[in-house]
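Colleague: Turn this into a model:
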Amino acid sequence: MGNIGPKVIVGMSGGVDSSVAALLLKEQGYEVIGVTMQIWQDERGEEQAACSSLGSADCQGRDSGSEDTGCCGLSAVEDARRVADHLGIPYYVMNFKREFRQHVMDYFVEEYLHGRTPNPCIACNRYVKWEALLHKSLAIGADYIATGHYARIDRLGNGRFCIRNSVTAEKDQTYALYALTQEQLAHTLMPVGAYTKDQIRQMAQDAGLPVAHKKDSQEICFIPDHDYAAFIERERGGQVPGPGNFVSGSGEVLGRHKGITHYTVGQRKGLNLSMGHPVFVTSIRPETNEVVIGEAQDVFTDHLTCSGLNFMAIPDLTEPRRAMAKIRYAHRGADCLIERIGPDRLRVTFDEPVRAVTPGQAVVFYDGEYVLGGGTIE
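Modeller: Residues are numbered from 1 along each chain as shown. Sure thing, here's the model as predicted:
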């Protein structure tokens, strides 16, 4: 027997990307252990105990009372288990339901009720997939955790760990990873970021993985029907803001809306306003239960402020600097100047106006291929 390499816990969602991540790391000589994070919420009382150690029997098998929801539901467990069996690696299910509810689901609801549009995947990455999983993995003797994200991790000349764009812009997932800390990055591997999606699928097929042609999950895992407002109403037992007024920027009442949780900045469809031409949501006022409506040009701005900052390629921002900023996952990015205006606040001034700057979403700054850092749009 040769020497066993470092121990790595691979977060396996049952999809092709995380499955190939496990494959690649095994081929590179790591001691690979597969883990699916149980985050779905069981409403029928059959709670699965959280794991106290990786080998605990509580980590294994299905929770028979749980629902199959998105990337981490029961079908994901079965697919991940089949892949682990095929690769000959240990496989467990770890319970992170409490962390997921607190940091993702409750956060999602509160943000919408306050007129903001959250990004639950960023919160899940920061607090569940990394903070909780990494803490538990290190406690049981692992050296690293690994995921199937399309991103790369480099250590820069200044000694800092940094997220770098994947080799394929089509699948780049760096935007959703800007909030990771230096400690987390130092113990993380992302082997998939060096390949294109087609290459990953080909590797899976060549290795005979049973998920080689499985479709990617697109929806928010805890809202598979995409009806955010109905989810928020269920979570709050019906105690949500009701109908209110659509108003113009000057305060003129234009009509009635269904409730602020149904809308987001930049939205055009589903307003049911007879204005004779397309109009857009420009802001949401939870304090007066109003949704502000404007023209196409009103959803453009050349500046924003952000807080909740996390710096990555640099330790801090001490003087204004140029960067490229993305204001949503699918945004191509825009050139800008970033400057500090408070202990935890930046002002971002764009060279040209950008569309639909949305409070609650992340703004992520890049220097070429590298993530400088980011924050939450105010």
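Colleague: Output the longest helix belonging to the chain.
Modeller: Ordering each helix of the chain by length in residues (DSSP state H) puts helix 74-87 first.
Colleague: Summarise which helices and strands the helix or strand following it is packed against.
Modeller: Sequence-wise, the next helix or strand downstream of helix 74-87 (DSSP states H and E) is strand 91-95. Applying 3 or more Cβ pairs under 8 Å, 6 or more residues apart in numbering; DSSP states H and E, we find strand 91-95 packed against strand 31-38, helix 74-87. Where you see a C-beta, it was placed from the backbone N, CA and C, and this is true even at glycine.
Colleague: Give me whichever of the ones you listed is most buried.
Modeller: Among the helices and strands packed on strand 91-95, judged by mean count of other Cβ atoms under 10 Å, the one packed with the most neighbours on average is strand 31-38 (a mean of 24).
Colleague: Give the ranges of residues in the stretch 101-250 of the chain that sit below the confidence cut-off.
Modeller: Regions of the stretch 101-250 of the chain meeting the criterion pLDDT under 70 cover residues 218-219.
Colleague: ok, which stretches of it are helices?
Modeller: For the stretch 101-250 of the chain, the helices defined by DSSP state H, counting those that start in this stretch occupy 106-113, 120-123, 133-139, 182-186, 197-206, 228-235.
Colleague: residues making contact with the longest helix of the chain?
Modeller: With contacts defined as Cβ atoms under 8 Å, 6 or more residues apart in numbering, helix 74-87 is touched by 12-15, 18-19, 22-23, 26, 32, 34, 36, 38, 62, 66-68, 70, 90-91, 93, 207-211, 214.
Colleague: Only the buried subset of those, as a ChimeraX command please.
Modeller: ChimeraX command restricting the contacts of helix 74-87 to the buried ones, with burial defined by 16 or more other Cβ atoms under 10 Å:
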select :12,13,14,15,18,19,22,23,26,32,34,36,38,66,70,91,93,207,209,210,211,214
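Colleague: Which of the contacts of helix 74-87 fall in strands?
Modeller: Under the assignment DSSP state E, the contacts of helix 74-87 contribute Val32, Gly34, Thr36, Gln38, Tyr91, Val93 to strands.
Colleague: so who does Glu31 touch?
Modeller: For Glu31, the contact set (Cβ under 8 Å, 6+ apart) comprises Ile4, Gly5, Pro6, Lys7, Val8.
Colleague: hmm, which of the residues you listed are the buried ones?
Modeller: Buried members of the contacts of Glu31, counted by 16+ other Cβ under 10 Å: Lys7, Val8.
Colleague: So which of the contacts of Glu31 sits lowest on pLDDT?
Modeller: Lowest pLDDT within the contacts of Glu31 is found at Ile4 (76).
Colleague: Now the strand or helix carrying Glu99: buried residues?
Modeller: Per DSSP H and E, Glu99 falls inside helix 97-100. In terms of neighbour count (16+ other Cβ under 10 Å), helix 97-100 has its buried residues at Lys97, Glu99, Phe100.
Colleague: Between the residues you listed, which sits nearest Pro359?
Modeller: Distances from Pro359 to the buried residues of helix 97-100, taken as Cβ to Cβ, are shortest for Phe100 (23.6 Å).
Colleague: Identify the residue nearest the closest one in space, chain neighbours excluded?
Modeller: In this structure, Phe100 finds its nearest non-sequential neighbour in Ile39, 3.8 Å apart by Cβ to Cβ, 6 or more residues apart in numbering.
Colleague: TSV for the contacts of Glu31, including distance to Pro243?
Modeller: As requested, those are arranged in TSV below (distance: Cβ to Cβ, whole Å):
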residue	distance to Pro243
Ile4	62
Gly5	60
Pro6	57
Lys7	55
Val8	52
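Colleague: Mind checking which of the contacts of Glu31 land in strands?
Modeller: Lys7, Val8.
Colleague: and the nearest residue to Pro6 once chain neighbours are set aside, what does it touch?
Modeller: Nearest residue to Pro6 in three dimensions, chain neighbours excluded: Asp143, at 4.0 Å (Cβ to Cβ, 6+ apart). Neighbouring residues of Asp143 by Cβ under 8 Å, 6+ apart: Pro6, Lys7, Val8, His187.
Colleague: Tabulate those (CSV), appending distance to Ile338.
Modeller: As requested, the contacts of Asp143 are exported to CSV (distance: Cβ to Cβ, whole Å):
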residue, distance to Ile338
Pro6, 37
Lys7, 39
Val8, 35
His187, 28
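Colleague: closest to Tyr195 among those?
Modeller: For those, the nearest to Tyr195 is Val8 (17.9 Å; Cβ to Cβ).
Colleague: wait, the closest one sits on Ala142?
Modeller: Yes. Contact criterion Cβ atoms under 8 Å: Val8 and Ala142 qualify, at 6.4 Å.
Colleague: okay, and the common contacts of these two?
Modeller: With Cβ under 8 Å, 6+ apart, Val8 and Ala142 have common neighbours Ile33.
Colleague: one step back: how much does the longest helix of the chain deviate in direction from strand 91-95?
Modeller: Here helix 74-87 runs at an angle of 150 degrees relative to strand 91-95 (axes from the mean of the first three to the mean of the last three Cα atoms, to 10 degrees).
Colleague: Now do Asn165: how many residues are near it, please.
Modeller: By other Cβ atoms under 10 Å, the residues close to Asn165 number 19.
Colleague: same check, this time on Thr349
Modeller: A total of 12 residues lie near Thr349 under the criterion other Cβ under 10 Å.
Colleague: Report the next helix or strand after the strand or helix carrying Phe350 in sequence order.
Modeller: If you go by DSSP H and E, Phe350 is part of strand 345-355. Downstream of strand 345-355, the next assigned helix or strand under DSSP H and E is strand 362-367.
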